[in-house]
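Peer 1: sequence first, then the predicted structure:
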Amino acid sequence: MLKLAPAVTEAEWKDLAPGVRVLLKPADAVMLLAGRRAAGEVHKIAADLIAADLAPNGGSVQADAEFAFTVGCLVWGALDWEGVGDQDGEPLPMTEANLTLLLRQSLDIFDKFDREYVVPILVRDAEKNVSSPSLNGTSAAAKTTAVPVPAPAESAPTA
């Protein structure tokens, strides 16, 4: 049985590092779609580069797509931030480019955001896959969908 919990509707501040925090919308399926869209764009660009024989040697399209997925989730969910500034210590505006730079520059911040914001919704999304038996396929609960064959077919002639 799939157990529905009341939806969290309030944005919440997430501390990502000492003095750095981001105000985030509640994670949901729409966030996953934003992340998937960002990852899909990376795959499309990579395919276009490969087709044009312009793909750089080295690097990993999969790693780039996974990073883009997490950035896409952050860009979708971030409403505000505090404690992020430029090299002179002046506060930076929260933009997609600056959010990307934040995750790219700090593995600790990337890991914490991914672990505490993205992974829980991925786990919740995956739980639905084991909540009930399969309605088709080879599970014991599956209905038979094929009509029985009346007689076996003859073998094809050999040359």
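Peer 2: Arrived safely, thanks for sending. Since this is a predicted model, take the numbers as computed values, not measurements.
Peer 1: outside of the biggest helix by length in the chain, which residues touch it?
Peer 2: Assignment by DSSP state H gives helix 29-51 as the longest helix of the chain. For helix 29-51, contacts defined as CB atoms under 8 Å, 6 or more residues apart in numbering pick out 25, 55-56, 61, 64-66, 68-73, 75-77, 118, 121-122, 125. For glycine as for every other residue, the C-beta is placed from the backbone atoms N, C-alpha and C.
Peer 1: in it, what's buried?
Peer 2: Met31, Leu32, Ala34, Gly35, Ala38, Ala39, Val42, Ala46 (16 or more other CB atoms under 10 Å).
Peer 1: just the mean pLDDT for the following helix or strand past it, thanks.
Peer 2: Sequence order places helix 61-77 as the next helix or strand after helix 29-51, per DSSP states H and E. For helix 61-77, the mean per-residue pLDDT is 90.
Peer 1: can I have the buried ones of the contacts of helix 29-51 as a ChimeraX selection?
Peer 2: Only the buried entries of those go into this ChimeraX selection, using 16+ other CB under 10 Å:
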select :25,61,65,68,69,70,71,72,73,75,76,77,118,121,122
